[in-house]
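> following is a predicted model, sequence given first.
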Amino acid sequence: MRCIGVLTSGGDNPGLNACIRSVVRMGLGMGLEVMGIRRGYAGLIDGEIDEMDSRSVSGIIGRGGTMLGTARCPEFHEERGRKQALRSLNRFGIDGLVVIGGNGSLTGALELGRLGFPVIGVPSTIDNDVNGTDIALGVDTALNTIVDAIDKIKDTASSHNRAFLIEVMGRNSGYLALASGLAGGAELVLCPEFETPLETIAQTIEDDYVRGKSHAIIIVAEGWKPGTLKLAQQLNEHPDSVGFSVRVTQLGHVQRGGSASAFDRILATRLGASAVRELVAGNGGHMVGWVRSEATLTPLEEAVAFTKTLDPRLVKLNQIMAQ
Ligand code: ADP
(Lines give C-alpha, C1' and ligand atoms only; values in the text may rest on other atoms or scores of the structure.)
Protein backbone atom coordinates (compact mmCIF):
# COMPACT_ATOMS: atom_id res chain seq x y z
CA MET A 1 0.00 0.00 0.00
CA ARG A 2 1.39 3.35 -1.07
CA CYS A 3 -1.35 5.92 -0.59
CA ILE A 4 -4.35 6.08 1.75
CA GLY A 5 -7.37 8.38 1.92
CA VAL A 6 -9.34 9.59 4.91
CA LEU A 7 -12.86 11.03 5.10
CA THR A 8 -15.41 12.00 7.74
CA SER A 9 -19.06 11.26 6.99
CA GLY A 10 -22.49 11.65 8.59
CA GLY A 11 -23.05 13.40 11.94
CA ASP A 12 -20.18 15.50 13.27
CA ASN A 13 -18.65 15.60 16.75
CA PRO A 14 -15.52 16.95 18.43
CA GLY A 15 -13.53 13.69 18.07
CA LEU A 16 -13.22 13.89 14.30
CA ASN A 17 -10.29 16.29 13.95
CA ALA A 18 -8.13 14.37 16.39
CA CYS A 19 -8.81 11.21 14.38
CA ILE A 20 -7.98 12.85 11.03
CA ARG A 21 -4.73 14.13 12.56
CA SER A 22 -3.90 10.66 13.81
CA VAL A 23 -4.56 8.98 10.44
CA VAL A 24 -2.45 11.58 8.64
CA ARG A 25 0.48 11.42 11.01
CA MET A 26 0.48 7.65 11.39
CA GLY A 27 0.21 7.28 7.61
CA LEU A 28 3.12 9.65 7.02
CA GLY A 29 5.05 7.91 9.80
CA MET A 30 4.62 4.61 7.95
CA GLY A 31 5.93 6.15 4.73
CA LEU A 32 2.52 6.47 3.03
CA GLU A 33 1.04 9.33 1.09
CA VAL A 34 -2.16 10.54 2.75
CA MET A 35 -5.05 12.18 0.89
CA GLY A 36 -7.81 14.13 2.66
CA ILE A 37 -11.25 13.73 1.09
CA ARG A 38 -13.63 16.64 1.67
CA ARG A 39 -17.36 16.37 2.46
CA GLY A 40 -17.48 12.61 3.01
CA TYR A 41 -18.71 10.37 0.21
CA ALA A 42 -19.99 13.41 -1.71
CA GLY A 43 -16.46 14.80 -2.00
CA LEU A 44 -15.15 11.36 -2.84
CA ILE A 45 -17.52 11.09 -5.80
CA ASP A 46 -16.74 14.66 -6.91
CA GLY A 47 -12.97 14.23 -6.50
CA GLU A 48 -12.57 16.89 -3.79
CA ILE A 49 -9.29 15.36 -2.67
CA ASP A 50 -6.03 16.97 -1.50
CA GLU A 51 -2.72 15.64 -0.32
CA MET A 52 -2.17 16.12 3.41
CA ASP A 53 1.09 16.74 5.19
CA SER A 54 1.96 16.87 8.86
CA ARG A 55 1.41 20.65 9.05
CA SER A 56 -2.05 20.43 7.45
CA VAL A 57 -3.31 18.87 10.68
CA SER A 58 -1.48 21.18 13.09
CA GLY A 59 -3.46 22.67 15.96
CA ILE A 60 -6.65 20.69 15.42
CA ILE A 61 -6.46 17.94 18.06
CA GLY A 62 -9.03 19.53 20.33
CA ARG A 63 -11.02 21.56 17.85
CA GLY A 64 -14.69 20.61 17.33
CA GLY A 65 -16.13 19.97 13.89
CA THR A 66 -14.14 18.40 11.08
CA MET A 67 -11.47 20.12 8.99
CA LEU A 68 -12.45 17.89 6.06
CA GLY A 69 -16.13 18.72 6.31
CA THR A 70 -18.86 16.12 6.36
CA ALA A 71 -21.98 15.56 4.31
CA ARG A 72 -24.82 13.22 3.66
CA CYS A 73 -24.60 11.72 0.19
CA PRO A 74 -27.71 10.01 -1.24
CA GLU A 75 -25.81 8.90 -4.40
CA PHE A 76 -23.64 6.62 -2.29
CA HIS A 77 -26.68 4.47 -1.49
CA GLU A 78 -26.62 3.39 -5.15
CA GLU A 79 -23.98 1.16 -6.71
CA ARG A 80 -23.61 3.72 -9.48
CA GLY A 81 -22.47 6.33 -6.91
CA ARG A 82 -20.07 3.91 -5.29
CA LYS A 83 -18.53 3.06 -8.68
CA GLN A 84 -18.01 6.79 -9.29
CA ALA A 85 -16.25 6.88 -5.92
CA LEU A 86 -14.02 3.99 -7.00
CA ARG A 87 -13.13 5.91 -10.13
CA SER A 88 -12.03 8.90 -8.00
CA LEU A 89 -9.99 6.63 -5.73
CA ASN A 90 -8.22 5.20 -8.79
CA ARG A 91 -7.72 8.62 -10.35
CA PHE A 92 -5.95 9.90 -7.22
CA GLY A 93 -3.94 6.71 -6.78
CA ILE A 94 -5.51 5.91 -3.40
CA ASP A 95 -5.28 2.24 -2.50
CA GLY A 96 -6.84 2.15 0.98
CA LEU A 97 -9.47 4.26 2.74
CA VAL A 98 -10.25 5.19 6.36
CA VAL A 99 -13.92 6.12 6.89
CA ILE A 100 -14.74 7.91 10.14
CA GLY A 101 -18.49 7.91 10.80
CA GLY A 102 -21.59 6.39 12.33
CA ASN A 103 -23.77 3.45 11.33
CA GLY A 104 -24.78 4.91 7.95
CA SER A 105 -21.22 5.82 6.97
CA LEU A 106 -19.94 2.43 8.10
CA THR A 107 -22.62 0.73 5.99
CA GLY A 108 -21.36 2.79 3.06
CA ALA A 109 -17.81 1.62 3.89
CA LEU A 110 -18.99 -1.99 3.91
CA GLU A 111 -20.63 -1.55 0.49
CA LEU A 112 -17.51 0.06 -0.95
CA GLY A 113 -15.46 -2.81 0.47
CA ARG A 114 -17.77 -5.26 -1.29
CA LEU A 115 -16.61 -3.78 -4.59
CA GLY A 116 -13.13 -4.98 -3.68
CA PHE A 117 -11.65 -1.79 -2.19
CA PRO A 118 -9.78 -1.97 1.16
CA VAL A 119 -11.68 0.17 3.70
CA ILE A 120 -11.34 0.46 7.48
CA GLY A 121 -14.03 2.13 9.56
CA VAL A 122 -13.68 4.14 12.77
CA PRO A 123 -16.90 4.49 14.82
CA SER A 124 -17.84 8.08 15.40
CA THR A 125 -21.28 9.07 16.65
CA ILE A 126 -22.54 10.73 19.78
CA ASP A 127 -25.44 8.21 19.69
CA ASN A 128 -23.00 5.48 20.84
CA ASP A 129 -25.05 2.81 19.11
CA VAL A 130 -22.38 1.18 16.91
CA ASN A 131 -21.91 -2.49 17.58
CA GLY A 132 -18.28 -3.55 18.19
CA THR A 133 -17.16 -0.58 20.23
CA ASP A 134 -17.80 0.23 23.88
CA ILE A 135 -17.67 3.92 23.05
CA ALA A 136 -17.59 5.87 19.79
CA LEU A 137 -15.76 9.14 19.05
CA GLY A 138 -17.57 12.20 20.36
CA VAL A 139 -19.65 10.48 23.03
CA ASP A 140 -17.47 11.54 25.95
CA THR A 141 -17.34 15.20 24.91
CA ALA A 142 -21.08 15.32 24.27
CA LEU A 143 -21.69 13.75 27.68
CA ASN A 144 -19.52 16.34 29.37
CA THR A 145 -21.42 19.12 27.60
CA ILE A 146 -24.74 17.67 28.74
CA VAL A 147 -23.61 17.18 32.32
CA ASP A 148 -22.36 20.76 32.46
CA ALA A 149 -25.81 21.91 31.26
CA ILE A 150 -27.60 19.69 33.79
CA ASP A 151 -25.52 21.16 36.62
CA LYS A 152 -26.40 24.68 35.52
CA ILE A 153 -30.08 23.92 35.06
CA LYS A 154 -30.19 22.30 38.51
CA ASP A 155 -29.07 25.58 40.06
CA THR A 156 -31.97 27.50 38.63
CA ALA A 157 -34.44 24.60 39.01
CA SER A 158 -33.71 24.44 42.75
CA SER A 159 -34.15 28.17 43.23
CA HIS A 160 -37.64 28.08 41.76
CA ASN A 161 -38.70 24.55 42.73
CA ARG A 162 -39.13 23.48 39.14
CA ALA A 163 -39.11 20.24 37.23
CA PHE A 164 -37.01 20.42 34.07
CA LEU A 165 -37.34 18.22 31.04
CA ILE A 166 -33.91 18.29 29.40
CA GLU A 167 -33.91 16.88 25.88
CA VAL A 168 -30.66 15.34 24.69
CA MET A 169 -29.58 13.97 21.30
CA GLY A 170 -29.10 10.36 20.31
CA ARG A 171 -31.55 9.73 17.45
CA ASN A 172 -33.13 6.35 18.26
CA SER A 173 -30.61 5.58 20.98
CA GLY A 174 -31.11 6.40 24.65
CA TYR A 175 -27.42 6.04 25.54
CA LEU A 176 -26.63 9.75 25.94
CA ALA A 177 -29.79 10.22 28.01
CA LEU A 178 -29.02 7.28 30.28
CA ALA A 179 -25.34 8.10 30.77
CA SER A 180 -25.96 11.82 31.32
CA GLY A 181 -28.77 10.95 33.72
CA LEU A 182 -26.34 8.87 35.74
CA ALA A 183 -23.60 11.48 35.67
CA GLY A 184 -25.94 14.40 36.29
CA GLY A 185 -27.98 12.79 39.06
CA ALA A 186 -31.29 13.00 37.20
CA GLU A 187 -34.52 11.94 38.86
CA LEU A 188 -35.78 10.15 35.76
CA VAL A 189 -34.50 9.20 32.30
CA LEU A 190 -36.82 8.62 29.35
CA CYS A 191 -35.35 6.50 26.56
CA PRO A 192 -36.88 5.17 23.35
CA GLU A 193 -35.73 1.66 24.36
CA PHE A 194 -38.33 1.33 27.11
CA GLU A 195 -41.80 2.67 27.75
CA THR A 196 -42.52 5.00 30.64
CA PRO A 197 -46.23 5.80 31.02
CA LEU A 198 -47.32 9.38 31.69
CA GLU A 199 -48.73 8.27 35.05
CA THR A 200 -45.32 7.04 36.17
CA ILE A 201 -43.62 10.26 35.10
CA ALA A 202 -46.20 12.46 36.84
CA GLN A 203 -46.06 10.28 39.95
CA THR A 204 -42.26 10.43 40.07
CA ILE A 205 -42.30 14.22 39.91
CA GLU A 206 -44.94 14.42 42.61
CA ASP A 207 -43.09 11.94 44.85
CA ASP A 208 -39.87 13.95 44.43
CA TYR A 209 -41.74 17.04 45.59
CA VAL A 210 -43.37 15.33 48.52
CA ARG A 211 -40.04 13.81 49.64
CA GLY A 212 -38.64 17.29 49.84
CA LYS A 213 -36.47 17.53 46.75
CA SER A 214 -35.94 21.08 45.57
CA HIS A 215 -36.15 20.17 41.90
CA ALA A 216 -36.72 17.27 39.52
CA ILE A 217 -34.49 16.72 36.50
CA ILE A 218 -35.87 14.49 33.79
CA ILE A 219 -33.62 13.64 30.86
CA VAL A 220 -35.54 12.94 27.68
CA ALA A 221 -33.86 11.25 24.72
CA GLU A 222 -34.81 12.93 21.46
CA GLY A 223 -36.14 9.61 20.12
CA TRP A 224 -38.52 9.16 23.05
CA LYS A 225 -42.21 9.26 22.09
CA PRO A 226 -44.44 11.27 22.22
CA GLY A 227 -41.63 13.85 22.55
CA THR A 228 -40.46 16.43 25.08
CA LEU A 229 -42.80 19.29 24.21
CA LYS A 230 -45.87 17.07 24.21
CA LEU A 231 -44.82 15.62 27.57
CA ALA A 232 -44.42 19.10 29.07
CA GLN A 233 -47.91 19.99 27.92
CA GLN A 234 -49.36 16.76 29.32
CA LEU A 235 -47.60 17.23 32.66
CA ASN A 236 -48.74 20.80 33.04
CA GLU A 237 -52.31 19.61 32.49
CA HIS A 238 -51.90 16.58 34.74
CA PRO A 239 -53.63 16.68 38.15
CA ASP A 240 -50.80 14.77 39.90
CA SER A 241 -47.93 17.00 38.87
CA VAL A 242 -48.46 19.27 41.84
CA GLY A 243 -45.56 21.06 43.44
CA PHE A 244 -43.15 21.64 40.62
CA SER A 245 -43.99 23.62 37.56
CA VAL A 246 -42.50 22.09 34.44
CA ARG A 247 -39.99 23.74 32.10
CA VAL A 248 -38.24 22.44 28.99
CA THR A 249 -34.68 22.81 27.73
CA GLN A 250 -33.72 21.26 24.40
CA LEU A 251 -29.94 21.23 24.33
CA GLY A 252 -29.74 20.75 20.55
CA HIS A 253 -26.56 21.21 18.57
CA VAL A 254 -24.38 22.49 21.42
CA GLN A 255 -23.96 18.75 22.08
CA ARG A 256 -22.04 18.35 18.82
CA GLY A 257 -19.56 21.19 19.28
CA GLY A 258 -16.86 22.44 21.62
CA SER A 259 -13.39 21.42 22.55
CA ALA A 260 -12.83 17.64 22.56
CA SER A 261 -12.38 16.02 25.98
CA ALA A 262 -9.02 14.46 26.82
CA PHE A 263 -10.65 11.03 26.57
CA ASP A 264 -11.98 11.71 23.06
CA ARG A 265 -8.59 13.04 21.92
CA ILE A 266 -6.80 9.91 23.10
CA LEU A 267 -9.51 7.57 21.78
CA ALA A 268 -9.46 9.29 18.38
CA THR A 269 -5.67 9.20 18.26
CA ARG A 270 -5.49 5.53 19.14
CA LEU A 271 -8.30 4.40 16.82
CA GLY A 272 -7.04 6.52 13.91
CA ALA A 273 -3.51 5.14 14.27
CA SER A 274 -4.81 1.61 14.57
CA ALA A 275 -6.99 2.05 11.46
CA VAL A 276 -3.91 2.91 9.39
CA ARG A 277 -1.92 -0.02 10.76
CA GLU A 278 -4.78 -2.44 10.05
CA LEU A 279 -5.26 -1.09 6.54
CA VAL A 280 -1.59 -1.65 5.78
CA ALA A 281 -1.75 -5.10 7.39
CA GLY A 282 -4.42 -6.06 4.86
CA ASN A 283 -7.38 -6.02 7.25
CA GLY A 284 -9.72 -3.96 5.07
CA GLY A 285 -13.41 -4.71 5.57
CA HIS A 286 -13.16 -4.16 9.34
CA MET A 287 -13.96 -1.47 11.85
CA VAL A 288 -11.50 -0.57 14.59
CA GLY A 289 -13.49 -0.13 17.79
CA TRP A 290 -12.65 0.29 21.46
CA VAL A 291 -13.40 -2.87 23.43
CA ARG A 292 -12.25 -3.27 27.04
CA SER A 293 -9.73 -0.45 26.56
CA GLU A 294 -8.11 -1.99 23.48
CA ALA A 295 -8.38 -1.14 19.79
CA THR A 296 -10.27 -4.14 18.46
CA LEU A 297 -11.24 -5.29 14.96
CA THR A 298 -14.84 -6.18 14.10
CA PRO A 299 -15.92 -7.09 10.56
CA LEU A 300 -17.86 -4.13 9.13
CA GLU A 301 -20.66 -6.53 8.32
CA GLU A 302 -21.05 -7.32 12.03
CA ALA A 303 -20.58 -3.73 13.14
CA VAL A 304 -23.58 -2.55 11.14
CA ALA A 305 -25.73 -5.69 11.42
CA PHE A 306 -27.66 -4.16 14.32
CA THR A 307 -27.44 -1.17 16.62
CA LYS A 308 -26.19 -1.59 20.16
CA THR A 309 -28.80 -1.74 22.91
CA LEU A 310 -28.68 -0.17 26.37
CA ASP A 311 -26.97 -2.04 29.18
CA PRO A 312 -29.85 -3.08 31.51
CA ARG A 313 -27.48 -2.81 34.50
CA LEU A 314 -27.11 0.92 33.84
CA VAL A 315 -30.86 1.32 33.56
CA LYS A 316 -31.32 -0.38 36.93
CA LEU A 317 -28.50 1.59 38.55
CA ASN A 318 -30.05 4.83 37.38
CA GLN A 319 -33.36 3.91 38.99
CA ILE A 320 -31.68 3.15 42.32
CA MET A 321 -29.64 6.36 42.29
CA ALA A 322 -32.66 8.52 41.53
CA GLN A 323 -34.42 7.71 44.80
P1 ADP B 1 -24.02 8.39 10.22
O2 ADP B 1 -22.81 7.87 9.55
O3 ADP B 1 -23.71 9.46 11.22
O4 ADP B 1 -24.92 7.30 10.74
P5 ADP B 1 -25.89 8.78 7.97
O6 ADP B 1 -26.78 7.66 8.36
O7 ADP B 1 -26.52 10.03 7.50
O8 ADP B 1 -24.87 9.22 9.12
O9 ADP B 1 -24.94 8.24 6.79
C10 ADP B 1 -23.95 9.07 6.21
C11 ADP B 1 -23.78 8.71 4.75
O12 ADP B 1 -23.36 7.35 4.62
C13 ADP B 1 -25.04 8.78 3.89
O14 ADP B 1 -25.34 10.09 3.47
C15 ADP B 1 -24.65 7.90 2.73
O16 ADP B 1 -23.80 8.59 1.83
C17 ADP B 1 -23.84 6.79 3.41
N18 ADP B 1 -24.72 5.66 3.69
C19 ADP B 1 -25.63 5.53 4.67
N20 ADP B 1 -26.29 4.36 4.59
C21 ADP B 1 -25.80 3.73 3.49
C22 ADP B 1 -26.09 2.49 2.85
N23 ADP B 1 -27.03 1.64 3.32
N24 ADP B 1 -25.38 2.17 1.74
C25 ADP B 1 -24.44 2.99 1.26
N26 ADP B 1 -24.13 4.19 1.81
C27 ADP B 1 -24.79 4.56 2.90
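Arrived safely.
> below-threshold pLDDT in the chain: ranges please.
Counting by pLDDT under 70, the low-confidence segments of the chain come to 240-242.
> which residues in it form helices?
Remark: helices assigned in the chain by DSSP state H are 16-29, 40-46, 79-91, 103-114, 139-160, 175-184, 198-210, 228-237, 262-280, 300-303, 312-321.
> out of these, which gets nearest to residue 253?
Of all those, the one in closest proximity to residue 253, counting by Cβ to Cβ, is helix 139-160 (10.4 Å). Bear in mind the C-beta positions are built from the backbone N, C-alpha and C, glycine included.
> is the closest one positioned near the ligand?
No - where contact is defined by Cβ under 6 Å from any ligand atom, no part of helix 139-160 touches the ligand; the two come within 12.7 Å at best.
> just give the closest residue to the residue of the chain found nearest the ligand, not the sequence neighbours.
When scored by Cβ to the nearest ligand atom, the chain has residue 104 as its residue closest to the ligand, at 2.0 Å. Taking Cβ to Cβ, 6 or more residues apart in numbering, and ignoring the residues beside it in sequence, residue 104 has residue 10 as its nearest neighbour in space, at 5.3 Å.
> shouldn't that neighbour be in contact with residue 109?
No - taking Cβ atoms under 8 Å as the contact criterion, residue 10 and residue 109 are not neighbours in contact, 10.8 Å apart.
> residues touching residue 275, list them.
With contacts defined as Cβ atoms under 8 Å, 6 or more residues apart in numbering, residue 275 is in contact with 23, 98, 120-122, 288.
> residues from the stretch 1-150 of the chain in reach of the ligand?
By the criterion of Cβ under 6 Å from any ligand atom, the positions of the stretch 1-150 of the chain lying close to the ligand are 9-11, 41, 72-73, 76-77, 101-105, 107-108, 111, 125.
> relative to residue 212, how far out is the residue of the chain positioned farthest from its centre?
Each residue of the chain has a distance to the centre, and by Cα atoms, centre = their mean the biggest one is for residue 239: 38.1 Å. When Cβ to Cβ, to the nearest Å is the yardstick, residue 239 and residue 212 sit 21 Å from each other.
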